[in-house]
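Q: Here is a sequence together with a model predicted from it:
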Amino acid sequence: MVNLDSGTPKEAQAAASWAAERGVAYLDGAVMVPPPLVEQAPDLDAGHYPGDLGTLHMNLNALEHIALTCEEQGVHTAQPRLMREIAARAIEDGHGASNHLAVFEVFQKAAEPDAR
């Protein structure tokens, strides 16, 4: 069985144990970004962040798993928590159905004089 869902190492270990109890080989991994998202410079320049290959809501879930993994492993959590906060702020601003590049709008807004 191949699991390409994001999760923490403890969740992967639990799934691997479950599979082993049933005599099933198990491989755990995660797909973090579809290749077409790499070639989005024209969309970025136009402020267009199509979420048809992955939404910010989906990325927030992955960032949550990364933050939890850091906590479980005893690794510094400030950076993953900041990334999660920025994604959550972009979602609050209405970009949840857009792809992860929409966090640019959070940075752009923060640079404005009357930013929150």
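A: Alright, I've got the coordinates.
Q: Give the next helix or strand downstream of the helix or strand of the chain with the lowest mean pLDDT.
A: Lowest on mean pLDDT, DSSP states H and E among the helices and strands of the chain sits helix 41-45, with a mean of 77. Where DSSP states H and E defines the elements, the next helix or strand beyond helix 41-45 is helix 56-73.
Q: elements contacting the very next helix or strand once past that next one?
A: Past helix 56-73, further along toward the C-terminus, the next helix or strand under DSSP H and E is helix 78-90. Contacting helix 78-90 under the criterion 3 or more Cβ pairs under 8 Å, 6 or more residues apart in numbering; DSSP states H and E are the following elements: helix 56-73, helix 103-111. Yep, even glycine has a C-beta here, placed from its N, CA and C like the rest.
Q: still on that earlier bit, now the least confident helix or strand of the chain - C-alpha only, PDB.
A: Taking Å, rounded to 0.1, in the frame of the first residue of the first chain, the C-alpha atoms of helix 41-45 are listed here in PDB:
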ATOM      1  CA  ALA A  41       5.100  33.500 -13.200                       C
ATOM      2  CA  PRO A  42       2.500  35.100 -15.600                       C
ATOM      3  CA  ASP A  43      -0.300  34.200 -13.100                       C
ATOM      4  CA  LEU A  44       1.700  35.600 -10.200                       C
ATOM      5  CA  ASP A  45       2.300  38.900 -12.000                       C
END
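Q: Mean pLDDT lowest where, among the helices and strands packed on helix 78-90?
A: Mean pLDDT values for the helices and strands packed on helix 78-90 show the minimum at helix 103-111, a mean of 86.
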